[in-house]
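In: give me a model of this one.
(chains A and B)
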Amino acid sequence: MIGCYDFCGHYEWTFEWLRQQGGDVAVKAYWDESIHRDSQTHASKLITDKGIEGMKEYWGPTLTDEGAVYERTVTDDVFRIDMHECPSKGFLIRNGLHQFKDYCDHCMGWIGPLMKDAGFVIDHEHNHCGQCWWEMRRANDNTAASKTAELSGDHDVRLRDDWKQPNTDHYDRSTDSDDKSTLP
Amino acid sequence: MTPDASPLPYTDTKPHGHADFYFAINATFRFIIARFGYDKLRQYWSDIGTSYYKPVSDNWKRDGLTAVADYWRAFFAAEPGAAVEVIKRDDEVRIEVRTCPMIKHLRDKNREIVSCFCQHCHFVSEAMAAPAGMTVRVTGGNGTCVQRFILLSRNEPAQQLGDIKEAA
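Out: Here you go, the predicted model:
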């Protein structure tokens, strides 16, 4: 049986298996069709129906159950996550698992299309070491991403001594996993 | 048991997995069938058994049926909602799954289960067992089943897929 205890391990392994079968297009289709539109239909419904309130209802229990160390900052206009210890990437790092070129892309791979359907855009960075931040705003809100500590104060993951890593990925008002630039 | 002493090849900081990940496993099977076909799904199951679970196979090859029993006891202890008995005999390990945690959770959450879902237990485990000189037989399914890990030297009749129930 394939289990849920080490899910992140075989999930990451599956990305590379799919890439070998059908290229990057198959992996991207997997994140959208299989994870966003099948596995995570409960998240899609909450966020599409309730917007930012639905994000609170989805990510609160989910990240707690997964064992994340994170902070959430919510206003009427923005939903921000500061992820200090990603349980998923952390599992891979601790167990020395690395098959696919960028595991962290999977989050934008399924959350991006979900947010697009729900009418939101995403500012996001991940440093490939288990830290990242997210800001979700309505697509018609042109507010730029917050500056460091502006929105989440001392909880801002960008204040960590170990935040800056080579090749941190950056997304600006995006909903597409390919739509990233890499910070030196 | 310390993490280093765990029979599991990959360990986490929390004792149990998150059951909603079962949604993704079920969805992954559905995606592979839709995009590549059933035969490719069987290949996926075999490949994951051979590759991702290779450390388990290596343990089984080194330590035999004792390692098989230890692995499955630890495995099901980490799966939320499992009710399973693992019985070690001289020439086989018998796993009596009284409540399959995956089927139960998918059902409880009203998810459509891929009909061939329970076959994955045979094909993944067979790929893990073969390098260790063992073979696997599964009977039942759809929530309860018996899985037997048998020494190849016993010349057990081949697995009949008809012995594995479709999931619903």
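In: for A:Arg138, what are its contacts?
Out: A:51, A:77, A:119-121 (CB atoms under 8 Å, 6 or more residues apart in numbering or on different chains). C-betas here are computed from N, CA, C, even on glycine.
In: what subset of those residues is buried?
Out: A:51, A:120-121 (16 or more other CB atoms under 10 Å in any protein chain shown).
In: identify each buried residue in stretch A:173-182, please.
Out: Within stretch A:173-182, the residues scored as buried using 16+ other CB under 10 Å are A:173-175, A:177, A:180.
In: strands - which of those residues land there?
Out: Of the buried residues of stretch A:173-182, the ones assigned to strands by DSSP state E are A:173-174.
In: tell me the one of the buried residues of stretch A:173-182 nearest B:Met134?
Out: Nearest to B:Met134 among the buried residues of stretch A:173-182 is A:Ser177, at 40.5 Å by CB to CB.
In: do you know how far the closest one is from A:Pro113?
Out: 9 Å (CB to CB, to the nearest Å).
In: shared neighbours of these two, which are they?
Out: Here A:Ser177 and A:Pro113 have A:Trp31 as joint contacts, going by CB under 8 Å, 6+ apart.
In: so, low pLDDT: which residues of chain A?
Out: Residue ranges of chain A with pLDDT under 70: none are present.
In: got the residues of it near chain B?
Out: Neighbours of chain B within chain A, by CB under 8 Å from any CB of the partner chain: A:1-7, A:9-11, A:13-14, A:17-18, A:21-22, A:26, A:29-30, A:33-35, A:38-40, A:42, A:62, A:65-67, A:87, A:90-91, A:94-95, A:97.
In: write the PyMOL selection for whichever of those residues are buried.
Out: The PyMOL command for the buried members of those (criterion: 16+ other CB under 10 Å) is given here:
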select buried, chain A and resi 1+2+3+4+5+6+7+9+10+11+13+14+17+18+21+22+26+29+30+33+34+35+38+39+40+65+66+67+87+90+91+95+97
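In: just the ones of the residues of chain A next to chain B in strands?
Out: Residues of the residues of chain A next to chain B located in strands (DSSP E): none.
In: give me the subset of the residues of chain A next to chain B lying in helices.
Out: The helices, defined by DSSP state H, take in A:7, A:9-11, A:13-14, A:17-18, A:21-22, A:26, A:29, A:42, A:62, A:65-66, A:87, A:90-91, A:94-95 from the residues of chain A next to chain B.
In: residue of chain B nearest chain A, please.
Out: B:Gly17 (3.3 Å; CB to the nearest CB).
In: quick one: contacts for the spatially most central residue of chain B?
Out: In chain B, the centroid-proximal residue (CA atoms, centre = their mean) is B:Cys121; its distance is 4.0 Å. By CB under 8 Å, 6+ apart, the residues touching B:Cys121 are A:1, B:138, B:141, B:145, B:147, B:164.
In: could you do B:Leu106 as well?
Out: B:22-23, B:26, B:113.
In: most neighbours of all these, which one?
Out: B:Tyr22 (28 neighbours; other CB atoms under 10 Å in any protein chain shown).
In: sec struct for that one, please.
Out: Three-state assignment for B:Tyr22 (DSSP: H, G, I helix; E, B strand; the rest coil): helix.
In: wait, it touches B:Met102, no?
Out: Yes: the pair B:Tyr22 / B:Met102 is scored as a contact, 4.7 Å apart, by CB atoms under 8 Å.
In: overlap in contacts of these two?
Out: Contacts common to B:Tyr22 and B:Met102, judged by CB under 8 Å, 6+ apart, are A:Cys4.
In: so the residue nearest the centre of chain A versus B:Ile103, what's the distance?
Out: Nearest to the mean C-alpha position of chain A, by CA atoms, centre = their mean, lies A:Cys107 at 3.5 Å. In this view, A:Cys107 and B:Ile103 are 28 Å apart by CB to CB.
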